[in-house]
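Peer 1: attaching a predicted model along with its sequence, questions to come.
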Amino acid sequence: MMRALVFGLVGPVLGVLIAFYLVGEGHRDPYGVPIVLFFSLFVCPIAGTVDGVLAYVVPIYLRVPLTATVGAASAAGLSVFLFGGNLLHTQLPVAIVGALCMAICSLLSHDYNVHRRTTDRT
């Protein structure tokens, strides 16, 4: 339940904040907010599902980079699909924002209080 809230609510807002931070002070465009929010609403459920599956298989130090890679690939893929163009210089900021946002969401959704069951042989 916590993973769905983090990737569904915090993810899009975090994507907008990261995009505004990376753009810089003088180049902020208020029309960019709906575009970044639109991309985040499609990328977050994809990366959240992958992160949920990976939570059962791999530890956190491997799960965060894999989720960031999925976020970057899905954001860049959605951008190429909708707008077309060269992937190298046009979609690179989109991929960076997607990777950062999904990595932070993966860290926030991790359950750090899980106690692993150990087999006690007495």
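Peer 2: Yep, that arrived. Numbering: from 1, shown residues only.

Peer 1: helices of this structure, start to end?
Peer 2: Read by DSSP state H, the chain holds these helices, from start to end of the chain: 2-5, 11-23, 32-54, 60-83, 92-109.

Peer 1: can you add mean neighbour count and mean pLDDT and give those helices back as JSON lines?
Peer 2: To be clear about C-beta, it is placed using only N, CA and C from the backbone, and glycine gets the same treatment. As requested, the helices of the chain are exported to JSON lines (neighbours: other C-beta atoms under 10 Å; pLDDT from 0 to 100):
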{"stretch": "helix 2-5", "mean neighbour count": "14", "mean pLDDT": "82"}
{"stretch": "helix 11-23", "mean neighbour count": "18", "mean pLDDT": "80"}
{"stretch": "helix 32-54", "mean neighbour count": "18", "mean pLDDT": "85"}
{"stretch": "helix 60-83", "mean neighbour count": "18", "mean pLDDT": "88"}
{"stretch": "helix 92-109", "mean neighbour count": "22", "mean pLDDT": "86"}
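
Peer 1: OK, contacts around the most centrally placed residue in the chain?
Peer 2: When the chain is reduced to its mean C-alpha position, the nearest residue by C-alpha atoms, centre = their mean turns out to be residue 102, at 1.7 Å. By C-beta atoms under 8 Å, 6 or more residues apart in numbering, the contact set of residue 102 is 11, 43, 44, 47, 51, 67, 68, 70, 71, 72.
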